[in-house]
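Engineer: heads up, no residue letters with this:
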Ligand SMILES: [Zn+2]
């Protein structure tokens with residue numbers, strides 16, 4: 001009886017390993033149309049601080065005087081705000 005349980009556990013682990021090894025393959029050959037929904041808003045925009053182009057969905061949004069600004073990272077946004085406030089004080 002104990003041997004049977006071990007065999008069942010081994011068979012289950014083997015089945016799980018086999019499944020995870022086989023499954024990623026059909027995913028890669030999936031047609032592009034399947035992934036289109038998630039990429040529909042993937043527009044490239046320019047960071048006004050570092051002038052790098054990046055996908056809009058990864059953008060850090062900042063609104064200043066009714067103007068929408070998009071940054072590639074929070075550090076770019078913070079540096080941009082810092083630069084703007086330095087302009088005002090000088
Ligand atoms: Zn940037």
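Structural biologist: Good, I have the coordinates. Since the model is a prediction, treat every value here as computed from it, not as a measurement.
Engineer: So what's the residue count around the closest residue to residue 62 other than its chain neighbours?
Structural biologist: Spatially, and ignoring its direct neighbours in sequence, residue 62 is nearest to residue 69 (4.7 Å; C-beta to C-beta, 6 or more residues apart in numbering). Every residue, glycine included, has its C-beta placed from N, CA and C. When neighbours are defined as other C-beta atoms under 10 Å, residue 69 has 18 of them.
Engineer: how far away is residue 69 from the ion?
Structural biologist: Residue 69 is 11 Å from the ion, where distance means C-beta to the ion, to the nearest Å.
Engineer: name the element that residue belongs to?
Structural biologist: For residue 69, the host element (DSSP states H and E) is strand 67-71.
Engineer: Can you mark which positions in that strand are buried?
Structural biologist: Of all the residues in strand 67-71, those buried under the rule 16 or more other C-beta atoms under 10 Å are 69, 70, 71.
Engineer: a markdown table for those, including distance to residue 42 and pLDDT?
Structural biologist: A markdown table is the format used below for the buried residues of strand 67-71 (distance: C-beta to C-beta, whole Å; pLDDT from 0 to 100):
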| residue | distance to residue 42 | pLDDT |
| --- | --- | --- |
| 69 | 19 | 95 |
| 70 | 13 | 96 |
| 71 | 17 | 97 |
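Engineer: And the spatially most central residue of the chain, how close does it get to residue 15?
Structural biologist: Residue closest to the average C-alpha location in the chain (C-alpha atoms, centre = their mean): residue 58, at 7.0 Å. As for residue 58, its distance to residue 15 is 38 Å (criterion: C-beta to C-beta, to the nearest Å).
Engineer: neighbours around residue 80, how many?
Structural biologist: 19.
Engineer: Which residues of the protein lie near the ion?
Structural biologist: Selection of the chain residues close to the ion by C-beta under 5 Å from the ion yields 47, 50, 72, 76.
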